[in-house]
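K.L.:
please work out how this folds:
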Amino acid sequence: MSQTLTVNIKLLPTREQQPILESMMGDYIQTVNQLVSDMVEAETMIKMTSKNVHVRLPSAVKNQAIKDAQSVFKKAKKSQFGIIPILKKPYCTWNNQNYSFDFKSISLPIMINDKAKKTAIRAEMVDQDNRNFSLLNNKLGTLRIIKKSNKWMAQIAVTILTTEKTGIKTIGVDLGLKIPAVATTDCDRVRFFGNGRENKYTKRKFRTKRKDLCQKKKLKAIKKLDNKEQRWMQDKDHKVSREIVEFAKENNISVIRLERLANIRQTARTSRKNNKNLHTWSFYRLATFMEYKAKLEGIKVEYVNPAYTSQTCPSCGKRNKAKDRTYSCSCGFKKHRDIVGAMNIRYAPMVDGNSQSA
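P.N.:
Predicted coordinates:
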């Protein structure tokens, strides 16, 4: 069993290298879009080599452009040419045989004086703690270079071999605002993750500062603050997801079950004071981080129907609404409402209709 992850690496190209990369990226997507247009017009996939592509790009890059065009054409053909994707954001791709990375620089062929020349571009890891450093010791795949917010990034696909755990031990994880995550095991071990009050306080500080900058019309400062807030939120999601997966490992868990929260912002009921936090926190990102970290450990992630998970009594099956943070039922069952949600998630019907046996 294998899993492919993307590792982001910050690039520091010289002033001479920057316009070359920008030109190559522009030529790359124009080439892909033109090849797709030609294939759509012919209504068939056109077989070609780099010799058939007349553009100022290294042969290896031309071959990747052909592969990308064929992939886009397949999507267009699947929709019976009703939707024809068009690439807009510039990027450029190299296959794993045409670049090398020594953790200090990436060496790859770029166009210099109309000739392809292998050139080293300085690089550094994005994460300060280099949490993805060890992943680069695995099999490296394609390399994509992009430019985002005036920053150059290299995205390397990494294939990792994993072994899926056997067994039926399961934990249910309930996600929320006041308590970011609650997990409970089959043997009723419970753990709370994250600090909802700290998150709320920090986001309120960001909003207050943003409002002050808005009144002063400092647009660049607002954008810089937004980026800082997103990095802070992403870091929190990384830490919570990592702690949940570690909790699963400690308890020999084979399956983590989560609610499918596709429409949480439309269906969740929350107080007006929490409404802003609900609409700015990314539950999807937290679930995504948890999923890929779990897969690295061979732990399967399943998504369940969230209907009534916080209202159903795990003991007798009756539905009751919790008062504040306490859930109580006429049968005598009484627990924290988020623990009840996590308990019910363990046995809720899966999105595809399957369910875990009680």
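
K.L.:
buried sites along the strand or helix carrying residue 141?
P.N.:
Using DSSP states H and E, residue 141 falls within strand 139-148. Buried residues in strand 139-148, counted by 16 or more other Cβ atoms under 10 Å: 140, 142, 143, 144, 145, 146, 147. The C-beta positions use only the backbone N, C-alpha and C, and glycine is treated the same way.

K.L.:
any chance of JSON lines for those residues, columns pLDDT?
P.N.:
What follows is those, written out as JSON lines (pLDDT from 0 to 100):
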{"residue": "140", "pLDDT": "87"}
{"residue": "142", "pLDDT": "94"}
{"residue": "143", "pLDDT": "95"}
{"residue": "144", "pLDDT": "96"}
{"residue": "145", "pLDDT": "96"}
{"residue": "146", "pLDDT": "96"}
{"residue": "147", "pLDDT": "94"}
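
K.L.:
make CSV out of the residues you listed and add distance to residue 230.
P.N.:
Output for the buried residues of strand 139-148, formatted as CSV (distance: Cβ to Cβ, whole Å):
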residue, distance to residue 230
140, 28
142, 26
143, 25
144, 21
145, 22
146, 17
147, 18
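
K.L.:
can you show me the strands along the stretch 1-150 of the chain?
P.N.:
Under the criterion DSSP state E, counting those that start in this stretch, strands of the stretch 1-150 of the chain are mapped to 2-12, 91-94, 100-101, 105-112, 115-125, 139-148.

K.L.:
oh, I was asking about the stretch 251-358 of the chain
P.N.:
Taking DSSP E, counting those that start in this stretch to define them, one finds strands in the stretch 251-358 of the chain at 255-259, 300-304, 326-328, 334-336.

K.L.:
deepest of the ones you listed, which one?
P.N.:
strand 255-259 (a mean of 23; mean count of other Cβ atoms under 10 Å).

K.L.:
quick check: end-to-end length of stretch 290-310?
P.N.:
21 Å (Cα to Cα, to the nearest Å).

K.L.:
how close does residue 349 sit to residue 79?
P.N.:
Residue 349 is 31 Å from residue 79, where distance means Cβ to Cβ, to the nearest Å.

K.L.:
which strands and helices sit next to whichever helix in the chain runs longest?
P.N.:
Looking across the chain with DSSP state H, the single longest helix is helix 219-250. Judged by 3 or more Cβ pairs under 8 Å, 6 or more residues apart in numbering; DSSP states H and E, the packing partners of helix 219-250 are strand 170-175, strand 181-185, strand 190-193, helix 196-215, strand 255-259, helix 283-296.

K.L.:
mean confidence score for that helix?
P.N.:
Per-region confidence: helix 219-250 scores 91 on mean pLDDT.

K.L.:
check stretch 254-272 too.
P.N.:
Confidence over stretch 254-272 (mean pLDDT, whole number) is 66.

K.L.:
cool, stretch 17-30 as well?
P.N.:
96.

K.L.:
ok, and the closest non-adjacent residue to residue 119?
P.N.:
Residue nearest to residue 119 in three dimensions, not counting chain neighbours: residue 110, with 5.2 Å by Cβ to Cβ, 6 or more residues apart in numbering.

K.L.:
that neighbour is in contact with residue 17, isn't it?
P.N.:
Yes - in this structure, residue 110 is within contact of residue 17 by Cβ atoms under 8 Å, at 7.2 Å.

K.L.:
between those two, which has more neighbouring residues?
P.N.:
residue 110 (23 against 18; other Cβ atoms under 10 Å).

K.L.:
how near is the more buried one to residue 163?
P.N.:
39 Å.

K.L.:
now swap in residue 213 and tell me
P.N.:
Remark: distance between residue 213 and residue 163 (Cβ to Cβ) = 50 Å.

K.L.:
one more: residue 77?
P.N.:
As for residue 77, its distance to residue 163 is 37 Å (criterion: Cβ to Cβ).

K.L.:
who has more neighbours out of those two?
P.N.:
Using other Cβ under 10 Å as the criterion, residue 77 and residue 163 rank with residue 77 on top: 15 against 8.

K.L.:
which residues touch the more buried one?
P.N.:
By Cβ atoms under 8 Å, 6 or more residues apart in numbering, the contact list for residue 77 reads residue 43.

K.L.:
how far away is it from residue 65?
P.N.:
Counting by Cβ to Cβ, the gap from residue 77 to residue 65 is 18 Å.

K.L.:
repeat that for residue 261.
P.N.:
From residue 261 over to residue 65 the distance is 37 Å, taken as Cβ to Cβ.
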